[in-house]
Every structure is written in C-alpha cells, then in structure tokens.
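**Q** Structure for the following, please:
(chains A and B)
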Amino acid sequence: MLRWIVWRDLMLAWRRRSDMLSTVFFFVIVVSLFPLGIGPETQLLRTIAPGVVWVAALLASMLSLGRLFANDYQDGTLEQLLLTPQPLFLVVIGKTLAHWIVAEVPLVLIAPLVGLQFNLDPDTLLILFASLLLGTPVLSLIGSVGAALTLGLRGGGVLISILVLPLYIPALIFGAGAVEASIMGTSPAAHLYLLGAFAIVSSLFSPWATAAALRISLE
Amino acid sequence: MRGDRRLFSGLDLAVSPGTFVQLTGPNGSGKTSLLRILCGLLPPAEGAVIWEGANIRSLGEEYFTAVTYLGHRHGIKDELSAVENLRISNALNGVEISQERARTVLDQMGLAGRELLPARLLSEGQRRRVALARLLVCNTKLWLLDEVLTSLDKGAVALVRSLIEKHLTAGGIAIVATHQELELSSGLTKRLELTT
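**A** Residues are numbered from 1 along each chain as shown, chains lettered A, B, ... in the order given. Take a look at the predicted model:
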C-alpha cells in the first residue's frame, strides 16, 4: 500500500519536473549569492558556509512544502486518500517519504558541489553531505505537519513558514554545528548523533500529528 | 452544522441492503454535508452514524472497506492517465487491478481510445466517467455519490443507473445526492428531501 502512494507521488512529481527543478535552482542560487556578495575572503566564507547552506536548505524546502497536500486537496484526491481502508498515518508516511525523495534528496546531492564555493575541504564537504542527509528528513516530517495545518487557508505559504521554521531550529543548530566542528578540526559526531536522534523522534510523532491535522483540515 | 447554521436536525434514517436513497433539496440544504457525515469525513454535531450495529467513529478504517464515496470534485489527477488514475485509486482501496482489466473497465465506461491520455486533456464529462469507473471495480457495500450526474450525457446517466441497479440487486446500498430524477426499474427507492 505504502509503495503505491510513494509511486504515485513520484510519478506525479516526474510529470511536473519543473516544480522539482525550481526548488533545486532556488537552493543553488541562494547559496551562490553569498560568495558573490562577500567576495574572495576565504576565511570569512569558510566561517559562514555551514549556516548559509543549511538556511538555504530550510528556505528551499519551504517552497515545496506548500504543494505537499495542496494539489491533492484541490482535485479531491486527498478526500479519497482519507477514505482508504488503511491507517492515515501510513498515507502520510508515504507522501512524506516521496516529498523527501523529490524535494530534499536533490539538495543533499548538490550541496557538496555548491559547498565548493566556500573553500571547504573534502572532509568537511562530506560532513555537510552527511548532516543534510540526516537532517532533511526532519524538514519533510515537521514540514508535513505545517502543510496539513495550513491546508486550504489563504496565504498558507507564509503561514507555513511562520509555523514550521521555528521548529526547524534544532535541526539547523546541530546540522550547521556538525559542519562547523569539522571546519574547526574537531569531531562532528556528537552533532550528527543528536541530529539523528531528532530525525527519529520526529519520524515517530509527526506522521500522527499530520494525520490528525489533515482530518481537521478536511472537515 | 456548518459554521453557525444548523442544516438539518431530527434526521433519522435507517437503510437496509438493496435500498436506493435519493437525496434531494435546494442548493445549500446540506446534501453534501450529509454525505460527508455518512462517509466519516465530517463528524456530526449531534448524533451518530451506525454501520452494522457499530458507530463509524469506533470502526475507523474498517468502515472504509465498506464505503465508496465519490464527491463532486472528481478525485482525478490531471497529470495521470485514466488507466493510472483508476489503478492507483483502486490499489489504495485494497483492490489491485491489472493494466488490461483497467482498460476493459474504462472501455465499458465509454472511454475507449482515451485510456492513456493525461486526464487534463479529457472533458469534464469524461473525467467524471473515469471517477465513476471505480464503481465497476470496487466491492464495497455502501455507495455515497454526490452530484455524480452533473456534466454526464444521457448515455452515461443510463450507465450509472444500470450500475446502481446491479449494485442494489447484489445487496448493496446507494445514497445519491442529485437534482436530476433517477428512476430505477428495480429495488426499493427512498426519497429524502432536505429543506433550507
């Protein structure tokens, strides 16, 4: 059952590739603006790199979250998903997984490349990659709660940001912290463990919260 | 209750297998709300919906194995073809069908040759037919159909009528909100008129 939902959402995303690409381009452009604006001050660039890349990833995921449920809501398929004879949280897990694959994985893959602009060494780029790999599921999971809560509201896009961005702060701190530690030459392990723990906790709770929010939004 | 307004009260309806309930009433009288309450999307402000002796609130997902609800929004994905739409919506409801079966069913709905087009290229009536094709595949007992006859031509209306008749003879229940009169040749027909 889960695979049908994931397959459905992946196919829909493939048919609307432009949406997916716009998120990736947004991420690349925002990250690239900083080296261009600051100029070739390598030390400063290295210092700000973790924060810049992570904040850009948070903002880029904001762009795609609005679409997570909104399209299904408009054409009535979300109603049908709510009426399927399987627990709603499974549907939510499937859709969130598909969102992560479509909207977040491309960012994770391209992050080491854009990180090069900040004069980061290969080890640090690897840590950047790892921190995003652990942290982006959190963005999809927590974001899905916000997307479900703001479903069908006017100006939902802004509201999602206000609701969800504060909840991203722990992921931002530990994610950027891991990269920073690597730049300083210390071990990033502690940060990554905490990030992983945060990912596990949010995967346990947010599907249920999203399912409850969807039921309320569709009343 | 929608907003502050009480749409209907004192509604007591018992439906036995093989019954067709035609729900009529002017716009805004609560036909859609009633159907949404019956399918469990909307909790009633007071009272309960009882299915085979149990409140649907406590039945949860189990209830959804017995119900097919078609709303006036089609529930059709524009990016997917008719075959994909049909196969996915059925698979999510626990009925996996093959590509060939999906094609035969869509042929029966008069969509031969259009099965592989993206649904956004289909006309309103054709999209409605894709949504209705689910009725041919599902094995649910209770059908809740909300304004499904709008934008359908005469042939399709006759098709829906025969579908419902077949469903009733098999012991099913159909509750249909509609403005058009739907005369069935067989089965027990109840009319429920909501007023504003």
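**Q** Contact residues of chain B facing chain A?
**A** Contacts of chain B with chain A, taken as Cβ under 8 Å from any Cβ of the partner chain, map to B:39-43, B:61-62, B:64-65, B:67, B:69, B:71, B:73-80, B:84, B:88-89, B:91-94, B:118. Quick note: C-beta positions are derived from backbone N, CA and C, even for glycine.
**Q** again, 7 Å this time
**A** Counting by Cβ under 7 Å from any Cβ of the partner chain, the positions of chain B adjacent to chain A are B:39, B:41-42, B:61, B:64-65, B:67, B:69, B:71, B:73-80, B:88-89, B:91-94.
**Q** Go through those residues and flag which are in helices.
**A** Judged by DSSP state H, those include B:C39, B:E61, B:F64, B:I88, B:S89, B:A91, B:L92 as members of helices.
**Q** Run a quick neighbour tally on the closest residue to the fourth one other than its chain neighbours.
**A** On the basis of Cβ to Cβ, 6 or more residues apart in numbering or on different chains, the spatially nearest residue to B:I88 that is not a chain neighbour turns out to be A:R8, at 5.0 Å. Other residues near A:R8 come to 25 when the count uses other Cβ atoms under 10 Å in any protein chain shown.
**Q** for A:A190, same thing?
**A** Using other Cβ under 10 Å, A:A190 is surrounded by 13 other residues.
**Q** Which residue is the nearest non-sequential neighbour of A:T136?
**A** Here the nearest residue to A:T136 in space, its sequence neighbours aside, is A:E104; by Cβ to Cβ, 6+ apart that works out to 3.8 Å.
**Q** which residues touch that neighbour?
**A** A:S61, A:T136, A:L139, A:S140 (Cβ atoms under 7 Å, 6 or more residues apart in numbering or on different chains).
**Q** By neighbours, which of the residues you listed wins?
**A** Going by other Cβ under 10 Å, A:L139 tops those with 30 neighbours.
**Q** and B:L192, helix, strand or coil?
**A** Secondary structure state of B:L192, per DSSP: H, G, I helix; E, B strand; the rest coil, is strand.
**Q** Save the contacts of A:E104 as a markdown table, and put in distance to A:P50 and secondary structure too.
**A** Formatted as a markdown table, the contacts of A:E104 follow (distance: Cβ to Cβ, whole Å; DSSP: H, G, I helix; E, B strand; the rest coil):
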| residue | distance to A:P50 | secondary structure |
| --- | --- | --- |
| A:S61 | 17 | helix |
| A:T136 | 15 | helix |
| A:L139 | 16 | helix |
| A:S140 | 21 | helix |
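**Q** Check the residues you listed for the minimum pLDDT and say which it is.
**A** Note: of these, the lowest pLDDT belongs to A:S61, at 91.
**Q** isn't that one right up against A:G143?
**A** Yes. Using Cβ atoms under 7 Å, A:S61 is in contact with A:G143, at 6.1 Å.
**Q** which one among the contacts of A:E104 gets closest to chain B?
**A** Of all the contacts of A:E104, chain B sits closest to A:S140, with 20.6 Å by Cβ to the nearest Cβ.
**Q** for the residue nearest to the closest one when sequence neighbours are not counted, what are its contacts?
**A** Nearest residue to A:S140, sequence neighbours excluded (Cβ to Cβ, 6+ apart): A:W100, at 4.2 Å. Going by Cβ under 7 Å, 6+ apart, A:W100 touches A:T136, A:P137, A:S140.
**Q** And A:L97, how far from chain B?
**A** Separation of A:L97 from chain B (Cβ to the nearest Cβ, to the nearest Å) stands at 15 Å.
**Q** before we move on, which element is B:Q22 in?
**A** Element membership of B:Q22, judged by DSSP states H and E, is strand B:19-24.
**Q** quick one on the thing from earlier: any of the residues of chain B next to chain A buried? List them.
**A** Taking 16 or more other Cβ atoms under 10 Å in any protein chain shown as the criterion, what is buried in those is B:39, B:41-42, B:64-65, B:67, B:69, B:71, B:73-80, B:88-89, B:91-93.
**Q** What is the host helix or strand of A:Q43 packed up against?
**A** In this structure, A:Q43 is located in helix A:42-74 according to DSSP H and E. In terms of contacts (3 or more Cβ pairs under 7 Å, 6 or more residues apart in numbering or on different chains; DSSP states H and E), helix A:42-74 is packed against helix A:17-38, helix A:77-82, helix A:88-99, helix A:105-115, helix A:122-149, helix A:156-184.
**Q** Return the distance of that helix from the chain's centre.
**A** Relative to the chain's own centre, helix A:42-74 is displaced by 7 Å; criterion: Cα atoms, centre = their mean, to the nearest Å.
**Q** Identify each buried residue in that helix, please.
**A** For helix A:42-74, burial by neighbour count (16+ other Cβ under 10 Å) applies to A:45-46, A:48-62, A:64-73.
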